[in-house]
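1. All I have is the shape, not the residue letters:
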């Protein structure tokens, strides 16, 4: 059996200490806006599920909204969720609401529109009992 790539190259693990090339994806978004396309940024089904934590998602949102302002007619919606919560430490729906408010506040503070992700509500409201009944996360 082959060892995982990061175990053979201990100087770099893809999920720790990574640097992000912000300029290339922003240039591509700029190109898409000029073609008249709309963009959903920092959603739970794209970047967030692929390795960006909330801290990095905040930076992506900030940069993308700033870039959108440089293109006439650019249309951008930003994801807001609850991924900053630690699942086993989330005690109430109030925790979930505060997490959404934090993320929505960040998007709106930078002049963006919000596209909410509702998975956190289901997870926190129903917990393990809900998942045991066969609902997929």
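-> Nice, I can see it. Just so you know, these numbers come straight off a predicted model, no measurement behind them.

2. Tell me how many other residues surround residue 84.
-> 15 (other C-beta atoms under 10 Å). Quick note: C-beta positions are derived from backbone N, CA and C, even for glycine.

3. Just to check, it is in contact with residue 102?
-> Yes: with contact defined as C-beta atoms under 8 Å, residue 84 reaches residue 102; the gap is 6.9 Å.

4. gap between residue 53 and residue 73?
-> Distance, residue 53 to residue 73, by C-beta to C-beta, to the nearest Å: 31 Å.

5. Likewise for residue 52?
-> 27 Å.

6. higher neighbour count, these two?
-> For the pair residue 52 and residue 73, the greater number of neighbours falls to residue 52 (18 against 9), based on other C-beta under 10 Å.

7. Longest strand in this protein, please.
-> Scanning the chain for the strand with the most residues, using DSSP state E, yields strand 75-80.

8. So what are the sheet partners of that one and their directions?
-> strand 38-41 (parallel), strand 113-116 (parallel) (DSSP bridges).

9. Touching the first one from outside, list them.
-> By that I understand strand 38-41. 29, 32-33, 46-47, 60-61, 64, 68, 74-79, 115 (C-beta atoms under 8 Å, 6 or more residues apart in numbering).

10. Buried subset of the residues you listed as a PyMOL selection?
-> To isolate the buried ones among the contacts of strand 38-41 in PyMOL, judged by 16 or more other C-beta atoms under 10 Å, type:
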select buried, resi 29+33+47+60+61+64+68+74+76+77+78+79+115
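
11. ok, the contacts of strand 38-41 vs residue 19, which is closest?
-> Nearest to residue 19, judged by C-beta to C-beta, of the contacts of strand 38-41 is residue 60 at 13.5 Å.

12. Confirm for me that that closest one is in contact with residue 43.
-> No: taking contacts as C-beta under 8 Å, residue 60 lies outside contact range of residue 43: 10.6 Å.
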